[in-house]
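In: Okay, sequence plus prediction incoming.
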Amino acid sequence: MKLTVLGKYGPYGKAGDGAASSYLVENEGEYLVLDMGPGTLSRLQAAVDVKKVRYIWLSHLHYDHTSDFLAFRYLLEDLGHRVTLLTHQEDSDWYRLLTDHPLIAVQNIEENEPVRIGTMTLRFYAMKHTVPCHAIRIEGEKTLVYTGDTMYNENIPVAVRGADCILADCSKPVGFKGPHMTADIAEKLYDEFKIPIIATHLSPGYDPTQDFAACEGITVAEEGKTYEI
Ligand SMILES: [Zn+2]
């Protein structure tokens, strides 16, 4: 299983060369895109033949995780390519805007209802954010968990148990008050489960690398890098 970081910042990209929230997962030739934040569509095209991408999953509908999905439809039209969007159903104008297109099939996900795509089994867990958000557990050749955006909550240990890697929203400085995890919480998570953590969702003006210097199990996500899980 491979994970490529297309964008790691939030709630917007870093000046010059940083993009917001998007990741590409490959498992035995099947691709799954996790979120599609601003600045990442160009990187997706550079990373993969988009015609091979059949599934997109959106953790939640904040703009920094979804906005390039709108421009993506122009590319789908040019390619005559159809995709399935996996996300939870929401009664909102943004949900309707994101989902309403003839080349986009929508599959609404639910907690406790696994979805099988290709050789991957996907499981979803409700997270704690300012809007409905899910973590995804991807079980294939390896098991990868992406937390989406969240504060620490009781579903995180359930989602990550036995996984090979956690891609986690845990890059805020200690003391940060907001709907994301901080560096000290990431260290506690690593101490408890001993699962390698890739820290992501960086604020454009803050680099948590020093926070994790003493914890060898946590690395800060690098845009453009492909990780072998
Ligand atoms: Zn968010």
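Out: Looks like it came in fine. Numbering: from 1, shown residues only.

In: can you list the residues of the protein near the ion?
Out: 62, 149 (CB under 5 Å from the ion). Where C-beta positions appear, they are placed from N, C-alpha and C, glycine not excepted.

In: make it 6 Å
Out: Residues of the chain found near the ion (CB under 6 Å from the ion) are 60, 62, 129, 149.

In: In JSON lines: the residues you listed, plus secondary structure.
Out: As requested, the residues of the chain next to the ion are arranged in JSON lines below (DSSP: H, G, I helix; E, B strand; the rest coil):
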{"residue": "60", "secondary structure": "coil"}
{"residue": "62", "secondary structure": "coil"}
{"residue": "129", "secondary structure": "coil"}
{"residue": "149", "secondary structure": "coil"}
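
In: Output the residues you listed in a markdown table; the columns should cover neighbour count and pLDDT.
Out: Formatted as a markdown table, those follow (neighbours: other CB atoms under 10 Å; pLDDT from 0 to 100):
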| residue | neighbour count | pLDDT |
| --- | --- | --- |
| 60 | 22 | 98 |
| 62 | 23 | 98 |
| 129 | 21 | 97 |
| 149 | 26 | 98 |
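
In: and the two most separated of those?
Out: 62 and 129 (8.1 Å; CB to CB).

In: returning to that earlier point: what's the closest of the residues of the chain next to the ion to residue 105?
Out: Distances from residue 105 to those, taken by CB to CB, are shortest for residue 60, at 19.9 Å.

In: ok, the residue lying closest to that closest one once chain neighbours are set aside - contacts?
Out: If the residues on either side of it in the chain are set aside, residue 60 comes closest to residue 133, at 3.6 Å by CB to CB, 6 or more residues apart in numbering. The contact partners of residue 133, by CB atoms under 8 Å, 6 or more residues apart in numbering, come to 59, 60, 126, 127, 148, 149, 150.

In: tell me the phi and psi of the closest residue to residue 192 other than its chain neighbours?
Out: In space, and not counting its chain neighbours, residue 192 is closest to residue 157: 7.3 Å by CB to CB, 6+ apart. Taking degrees, to the nearest 10, you get phi -60, psi -30 for the backbone angles of residue 157.

In: And residue 29, by the same measure?
Out: The phi/psi pair for residue 29 (degrees, to the nearest 10) is phi 80, psi 0.

In: Can you report how many residues neighbour the residue nearest to it when sequence neighbours are not counted?
Out: Spatial nearest neighbour of residue 29, chain neighbours left out: residue 118 (7.5 Å); criterion: CB to CB, 6+ apart. Residue 118 has 14 neighbours, counted by other CB atoms under 10 Å.

In: Kindly state the beta-bridge partners for the spatially most central residue of the chain.
Out: For the chain, the residue nearest the mean C-alpha position is residue 34 (4.3 Å; CA atoms, centre = their mean). Beta-bridge partners for residue 34, by DSSP bridges, are residue 23, residue 57.

In: So it is in contact with residue 26, correct?
Out: No - the criterion here is CB atoms under 8 Å, and residue 34 misses it with residue 26 at 11.7 Å.

In: Extract the C-alpha set from stretch 16-36 and format it as PDB.
Out: Provided in PDB are the C-alpha atoms of stretch 16-36 (Å, rounded to 0.1, in the frame of the first residue of the first chain):
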ATOM      1  CA  GLY A  16       4.100  29.800  -2.800                       C
ATOM      2  CA  ASP A  17       4.100  26.100  -2.800                       C
ATOM      3  CA  GLY A  18       1.800  24.500  -0.100                       C
ATOM      4  CA  ALA A  19      -1.600  23.000  -0.800                       C
ATOM      5  CA  ALA A  20      -4.400  21.900   1.500                       C
ATOM      6  CA  SER A  21      -5.500  18.400   2.500                       C
ATOM      7  CA  SER A  22      -5.400  15.700  -0.100                       C
ATOM      8  CA  TYR A  23      -3.800  12.200  -0.200                       C
ATOM      9  CA  LEU A  24      -3.600   9.500  -2.700                       C
ATOM     10  CA  VAL A  25      -3.800   5.900  -1.600                       C
ATOM     11  CA  GLU A  26      -2.800   3.000  -3.900                       C
ATOM     12  CA  ASN A  27      -3.500  -0.700  -3.100                       C
ATOM     13  CA  GLU A  28      -2.900  -3.400  -5.600                       C
ATOM     14  CA  GLY A  29      -3.600  -1.100  -8.500                       C
ATOM     15  CA  GLU A  30      -6.700   0.500  -7.100                       C
ATOM     16  CA  TYR A  31      -6.600   4.200  -6.200                       C
ATOM     17  CA  LEU A  32      -8.500   6.100  -3.600                       C
ATOM     18  CA  VAL A  33      -8.200   9.900  -3.100                       C
ATOM     19  CA  LEU A  34      -8.700  11.200   0.400                       C
ATOM     20  CA  ASP A  35     -10.100  14.700   0.400                       C
ATOM     21  CA  MET A  36      -9.400  17.200  -2.400                       C
END
